[in-house]
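Student: just coords:
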């Protein structure tokens, strides 16, 4: 019987055409499947339904006007997408939003990929008949946050950011305040975004349909350095960037365009282009060694990965009692920065000031990370600027580079050589998998034949894996999103959950879903494709384990002696700060 | 982040209120009402304390507090005056009464509380006493069928009592 | 179970009978404002302190809920001689006790005087305000002490609950309610029986009954009166609903602006629980039902059912899209039945008297009676209850006693900010859910504001739009931005700054807001504008084209002029003018500089010769 029900075809009618549906959550998905692009502003498939923008309204026979994003499909429904009334509502919504909107489109960060602009154009809004906002009604732009700029005058109150911060991260740093036309999205007490417990993950930016939340841009700063003849500008590219940047130039999500990216960066004028994957391998050397030491001594377990600055920040704010669990390893970005500034300056005999280190990251929190005082030497930062994938795309466009026609290039040596273990850092579970590959060989002294640990992969926010290192059991927990991490922390604190390694990435799916990546909120499948692209890259590498990387071996021989050596500690490890006192919880 | 507060607040009072309500999310509005009753307004630190105790984000608590017009994040005067501007009261002249109050208390446009923190004025949509329109409520006492002159007398009496 | 209630009722009757003559003093919000608590205190002191001869009868002062005739408060009803006293002051108490209670004589000077005949009227039911009404859901308001369960029992309270628990299945209860034709009294008029059935059908181990007491329409206070005057009827109605749908927990959401209603409901719930009419194992039937009170915190939108649920859950009162309907996924995600106060108050009456009895009132499609809060420019304002289908004329000119000060009727706004205007052409329209929708208005919660010829209809529309604009929750775009821009256009019109294009835009926008908004607040917010545009378009055009306010209300469109022939040149106006717009020479006519004049009207009031006029 139940089987019969499932196999029975379920259909409804969209503008007279019969459309089959299966497990679509809402009418909107069915309509889109039927090939009609219903406009939306507040709908985000990965977030809860909100139903507020009213752009996706349709007329359903017998039910009147309904927002299709909130209505479940039912067999036999007769849905009309473009009726006189629904068209009028949509056009009016856009016109009303525009009337209340800072319409300096030409200079807006989001010009060109703004959803409001897009639909205003598509729906043919040629004239806004309502009174314009007065200058005095404009609210101040908040640029106090190191990663995110908030311009309330562009906000259309779709609430996607509020839902992202709550539902993905469980933080609720921003929420609606006030009521009616006075409603704003703001941090508590209307404080600055730089004065609250924001962890800079940028997920709010990633779901914003307009220019209300944007990434704090370093594009101009980087151009200035590049054209400065006194400066040598080098850069590193994080793993997740290579499988996402191409989307802006018509490539499929997940298609690895590292060669093109390197070529573009060279065209733009970077003197040397390295690969963060190299530093990821280095991280594994240090972190796996650190883990093995802790594991043998039974101290500070589980070890928490420390690659994700949003996660680190979160722990510092709200769980200072657990900072001893964090690996002391710097993140790959910061290892790279420190190495570059130390080694290249020595090798080339230039000062730190003359060497500008830029990193290309999928991540907004990295902008805050590079500004931490621990990562400064003689008042000069190890990483001078962080450009997100998004910002690099705009630089490539600004430079007029025809991305797809570039001749692929390789990264500069020696810091361009990496293993498959380094490349999977960009996906949730990748750090743990890479560490496991090395730890296995360190602990057992045997060679690991099958390096793929598939149980650690995939988009699930929680994964728990028990590794068998020839009799020694190591329990690894992999989570992504801070909401999930907080739950796991509570379980660890209460003793309900035991593990030896906890890998945390703040963004959904890991860095591939970072806040600095090309916007993919309306196409969640892109994240999966990007992850697949990284695992594919891994599978095609000659070396799959970090300790097999000849450049890494060379580095230890020449500069660092051995993992966790004194010199390694100096350059590659760090300490954390209890920030509880400045967090809101200290009231 | 505990900035503001020029006076020291006894936040233990907040703790006990939250506890009385079992730390339940569904009681947030009731908790805010009790806390406001206690401090006569909702101080920032009290809201944050509620958030911490209830495991909510301060922005969420702030969002609820700013949604409902009953809540005030600024200190209120000793006398809270509600001037009804519901339909019946409006039709029967609530606005002249409101203007009379403003000029009597020397309140500027947008100013709600007198400098001496004695009076706070607020217009409300309907107090359900339409048969007595226009009405003014001062600390829960209803003054029916007000006129600009009559409210002046009421205010003078209150001020004399305070002097 | 019926026998328990019967026994308890008899006991209560005996106890109340032993207390002597009942003096019912209204302690509704209106009368309290007029000093009824002092009157009650005086009566009680008198009963205690004053020497009483053996032949004098005992009396008890009973604090009742609202009688509805708030304007004439304090109201004192003494049923032994069937007399209603109006405008009673504490100074009058001694006379009432000595003359009426001890002497058996009516105090004529405190009787209601019929404005038409100038005669004293003794009996409540002979006062036109009451005689034209049919009070069923309000039948106990004003006749019992709402703070005592015994009083409720004496008028048949909890009999209906006992009956359904003893004799009926939940299906039978729902059938009775369905057959009665009862429709939701809070606004839309959805068939109550169907709503119950949907919730009953939802499969879940936990269900809720929620009473919507967030009566926020400006100018409406029906629900307040029931909660204050007859809380047990509401509780009984909810308990019957809980039995019918299979719920064991309920909430009453009351506006914080109604402190007295909250207090009396708390007392009533507590006593009902203590005496086994609520709580666990109700009347020995194994049914459990507890009721919690949730106080609102000042947000009109919480009268919308999904916003109300959000508010009970402790969140911002922002509506949620339907579907899912509360009947399937409501409070805390569980199936939830939401009805308003008046709807629940009708339930025990229907159970007791039968569906046919209920259908004997009202019209075919709108059965029963409806309460209205009659306010504005009528002689008798107050709370009334009439059969559905009563005409506006009966309400205004009979119950309401006509328009004040002999002015002319212009329009009635019904249904508050969600409703619309009715005009002279609707005076004889039988008012029910469907006829009002047809006329572009709605029953809404029942606010009925009467306006006379001095009312500017555009200003009324602006007033309502201002209200909804402030009360919009801000979630959906059409309501948040749409009402704001509608208000801006209306403000332009009353200031004389609008064009005919603005009027077209206003209408276009009104339709988009109505069609596109997420919840009932937004969907109905344009109604006052649309209905006034329909019936009074000329008045809009006069503001726009002629820059004139026909009712002479909109101050920006007024000019103030000095009539030269009447002006004696005393200079008083010039001295009073706050902006120095008036100048002239002593003893010759003064002049107003219209470019400076702010139309405050001070000069008009000041002129000893009535030489200054607003035109």
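Tutor: That came through, no problem. Small disclaimer: the values here were computed from a predicted structure and weren't measured. Numbering: from 1, shown residues only, chains lettered A, B, ... in the order given.

Student: Surely residue C:359 touches residue C:178?
Tutor: No - between residue C:359 and residue C:178 there is no contact under C-beta atoms under 8 Å: 11.6 Å. Where C-beta positions appear, they are placed from N, C-alpha and C, glycine not excepted.

Student: Need the nearest residue in space to residue C:192, chain neighbours excluded.
Tutor: Leaving aside its chain neighbours, residue C:192 sits nearest to residue C:182 (4.4 Å; criterion: C-beta to C-beta, 6 or more residues apart in numbering or on different chains).

Student: tally of neighbours for the one you found?
Tutor: 28 (other C-beta atoms under 10 Å in any protein chain shown).

Student: number of nearby residues for the closest residue to residue B:125 other than its chain neighbours?
Tutor: Once flanking residues are discounted, residue B:125 sits nearest to residue C:218: 4.9 Å by C-beta to C-beta, 6+ apart. For residue C:218, the count of nearby residues is 27 (other C-beta under 10 Å).

Student: And residue A:473, by the same measure?
Tutor: Count around residue A:473 with other C-beta under 10 Å applied: 9.

Student: quick one, what contacts the closest residue to residue A:133 other than its chain neighbours?
Tutor: Nearest non-adjacent residue to residue A:133, counting by C-beta to C-beta, 6+ apart: residue A:100, 6.2 Å away. Contact analysis of residue A:100 by C-beta atoms under 8 Å, 6 or more residues apart in numbering or on different chains lists A:133, C:481, C:484.

Student: What of residue A:385?
Tutor: By C-beta under 8 Å, 6+ apart, the contact set of residue A:385 is A:218, A:221, A:222, A:225, A:356, A:357, A:358, A:359, A:370.

Student: These into JSON lines, with extra columns for neighbour count and pLDDT?
Tutor: Compiled in JSON lines, these are given as follows (neighbours: other C-beta atoms under 10 Å in any protein chain shown; pLDDT from 0 to 100):
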{"residue": "A:218", "neighbour count": "19", "pLDDT": "97"}
{"residue": "A:221", "neighbour count": "14", "pLDDT": "97"}
{"residue": "A:222", "neighbour count": "25", "pLDDT": "98"}
{"residue": "A:225", "neighbour count": "20", "pLDDT": "98"}
{"residue": "A:356", "neighbour count": "26", "pLDDT": "98"}
{"residue": "A:357", "neighbour count": "29", "pLDDT": "98"}
{"residue": "A:358", "neighbour count": "26", "pLDDT": "98"}
{"residue": "A:359", "neighbour count": "31", "pLDDT": "98"}
{"residue": "A:370", "neighbour count": "26", "pLDDT": "98"}
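
Student: For these, which two are the farthest from each other?
Tutor: Largest separation among these by C-beta to C-beta: A:225 and A:370, giving 14.2 Å.

Student: if we can go back for a sec, now, of the contacts of residue A:100, which are buried?
Tutor: C:481, C:484 (16 or more other C-beta atoms under 10 Å in any protein chain shown).

Student: In JSON lines: the contacts of residue A:100, plus pLDDT, secondary structure and distance to residue A:289.
Tutor: Output for the contacts of residue A:100, formatted as JSON lines (pLDDT from 0 to 100; DSSP: H, G, I helix; E, B strand; the rest coil; distance: C-beta to C-beta, whole Å):
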{"residue": "A:133", "pLDDT": "83", "secondary structure": "coil", "distance to residue A:289": "59"}
{"residue": "C:481", "pLDDT": "97", "secondary structure": "helix", "distance to residue A:289": "59"}
{"residue": "C:484", "pLDDT": "97", "secondary structure": "helix", "distance to residue A:289": "62"}
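
Student: Closest one to chain B out of the contacts of residue A:100, please.
Tutor: Closest approach between those and chain B, by C-beta to the nearest C-beta: residue C:484, at 17.3 Å.

Student: show me where pLDDT drops low in chain A?
Tutor: By pLDDT under 70, the weakly predicted segments of chain A are A:1-7.

Student: And the helices in the stretch 251-400 of chain C, which stretches?
Tutor: For the stretch 251-400 of chain C, the helices defined by DSSP state H, counting those that start in this stretch cover C:259-274, C:305-312, C:341-353, C:355-359, C:392-393.

Student: Can you tell me how far residue C:435 is from chain B?
Tutor: 22 Å (C-beta to the nearest C-beta, to the nearest Å).

Student: which element follows the helix or strand that contains that residue toward the C-terminus?
Tutor: In this structure, residue C:435 sits in helix C:433-438 according to DSSP states H and E. Downstream of helix C:433-438, the next assigned helix or strand under DSSP H and E is strand C:447-452.

Student: Tell me which strands that following strand pairs with, and in which orientation.
Tutor: With DSSP bridges as the test, strand C:447-452 is paired with strand C:369-376 (parallel), strand C:409-414 (antiparallel).

Student: The contacts of residue A:385 in strands, which ones?
Tutor: Of those, the ones assigned to strands by DSSP state E are A:356, A:357, A:358, A:359.

Student: Can you tell me which residues in the stretch 101-250 of chain A are near chain B?
Tutor: Within the stretch 101-250 of chain A, the positions near chain B by C-beta under 8 Å from any C-beta of the partner chain are A:166, A:171-179, A:186-189, A:191, A:195-197.

Student: rerun at 6 Å
Tutor: When proximity is defined as C-beta under 6 Å from any C-beta of the partner chain, the stretch 101-250 of chain A approaches chain B at A:172, A:174, A:175, A:176, A:177, A:178, A:179, A:187, A:188, A:189.

Student: Narrow the residues you listed to those that are buried.
Tutor: A:172, A:174, A:175, A:176, A:177, A:178, A:179, A:187, A:188, A:189.

Student: quick one: the lowest-mean-pLDDT helix or strand in chain B near chain C?
Tutor: Lowest on mean pLDDT, DSSP states H and E among the helices and strands of chain B sits helix B:87-91, with a mean of 74. Yes - Helix B:87-91 reaches chain C (C-beta under 6 Å from any C-beta) through B:87, B:88, B:90, B:91.

Student: Quick check: closest non-adjacent residue to the first one.
Tutor: To tie it back to what came earlier, the one meant is residue B:87. Spatial nearest neighbour of residue B:87, excluding adjacent residues (C-beta to C-beta, 6+ apart): residue C:219 at 3.7 Å.

Student: residues contacting the one you found?
Tutor: Neighbouring residues of residue C:219 by C-beta atoms under 6 Å, 6 or more residues apart in numbering or on different chains: B:86, B:87, B:88, B:130, C:375, C:447, C:449.

Student: export the residues of helix B:87-91 next to chain C to a markdown table and tack on neighbour count?
Tutor: As requested, the residues of helix B:87-91 next to chain C are arranged in a markdown table below (neighbours: other C-beta atoms under 10 Å in any protein chain shown):
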| residue | neighbour count |
| --- | --- |
| B:87 | 31 |
| B:88 | 32 |
| B:90 | 26 |
| B:91 | 24 |
